[in-house]
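Q: I'll drop the sequence and a predicted model, then ask my questions.
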Amino acid sequence: MVGGSGLELFPQEAKLVRVGTPYGLPSPIFIGDVEGRHLAFLARHGVGHTVPPHRINYRANIFALNILGVERILATNAVGSLNEQLKPGDLAVPKDFLDFTTLRSKTVFDTAPVTHVDMSDPYCPELRNALIEATQRTGKRVWGKAVLACTEGPRYETPAEVAMLRQLGADIVGMTSLPEAVLARELEMCYASLCYVSNLAAGLQERQTISELSKTAEEIRPVIEQILKDTVSSLPKTRSCICAHALRDAQL
């Protein structure tokens, strides 16, 4: 599990582990049991939320989870709404993305074999469906086919940028889902995200504030915890999705 802004959900009685990777040290990882499943939790911004989105070591984070034997990643992300039907406090499960990041290392395949991983279905369908169904059981509003635009940050987007993203078909905008989803697919790991709308994007409300994000995160936190626990308990032990074989016919 990878937690985002305001949602550092550590398992009870979790054990801290540090894992070295070819890309440096990841954020601290906590291992514990949730709903009878062995779970690793990583706070992408670090404990205490000290690392800004453009400085996160995404490759180290995802690679470390892979080293630990993690096969499925449930992520949480704070997002702004580009879609007037999505209001603060609503939940969204992305089905596709637009990547507007520029500074991040986005692949584990910098050398041979040259690898072109298929992203026709960029978020794990099995995990997506489990998240959507778990959210629906809470009675909470969920946008199940959202297109997420990922920007570099750490600043918020301008009204003109928001207008562009809306024209391109994005429903939500955030700063952290990419390259996590791509790196997970390259490592044949499942990845899906549960996003909570913290605010309307620039131009759709007067201004953007951190206090608004924190307030929404605190209010939605119990619901997200329940959704994640329900999702974890509902997943079959054996994967039957495309993610486990993502490198088939992907390498030259």
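A: In hand now; what should we look at?

Q: surely residue 33 meets residue 41?
A: No - using Cβ atoms under 8 Å, residue 33 makes no contact with residue 41, being 11.3 Å away. In short, each C-beta sits where N, CA and C put it, glycine included.

Q: These two: which has the busier surroundings?
A: Between residue 33 and residue 41, residue 41 has the larger neighbour count (other Cβ atoms under 10 Å), namely 21 against 12.

Q: tell me which element that one falls in.
A: For residue 41, the host element (DSSP states H and E) is strand 37-43.

Q: Contacts for that strand, please.
A: Residues outside strand 37-43 that contact it (Cβ atoms under 8 Å, 6 or more residues apart in numbering): 1-3, 8-11, 14, 26-33, 49, 61, 64-65, 68, 70, 232-233, 235.

Q: tell me what the helix or strand following it is packed against?
A: Toward the C-terminal end, the helix or strand that comes next after strand 37-43 (DSSP H and E) is helix 58-67. Applying 3 or more Cβ pairs under 8 Å, 6 or more residues apart in numbering; DSSP states H and E, one finds that helix 58-67 makes contact with strand 37-43, helix 180-186.

Q: Return helix 58-67 as CSV; C-alpha atoms alone will do.
A: C-alpha atoms of helix 58-67 as CSV (Å, rounded to 0.1, in the frame of the first residue of the first chain):
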residue,chain,number,x,y,z
TYR,A,58,9.5,6.7,-7.2
ARG,A,59,11.8,4.1,-8.6
ALA,A,60,13.3,3.3,-5.2
ASN,A,61,9.8,3.1,-3.6
ILE,A,62,8.3,0.7,-6.1
PHE,A,63,11.4,-1.3,-6.5
ALA,A,64,11.7,-1.8,-2.7
LEU,A,65,8.1,-3.1,-2.5
ASN,A,66,9.0,-5.5,-5.3
ILE,A,67,12.0,-6.7,-3.4
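
Q: Next, the buried residues of it.
A: 58-66 (16 or more other Cβ atoms under 10 Å).

Q: average model confidence for stretch 131-144?
A: Average pLDDT, stretch 131-144: 95.
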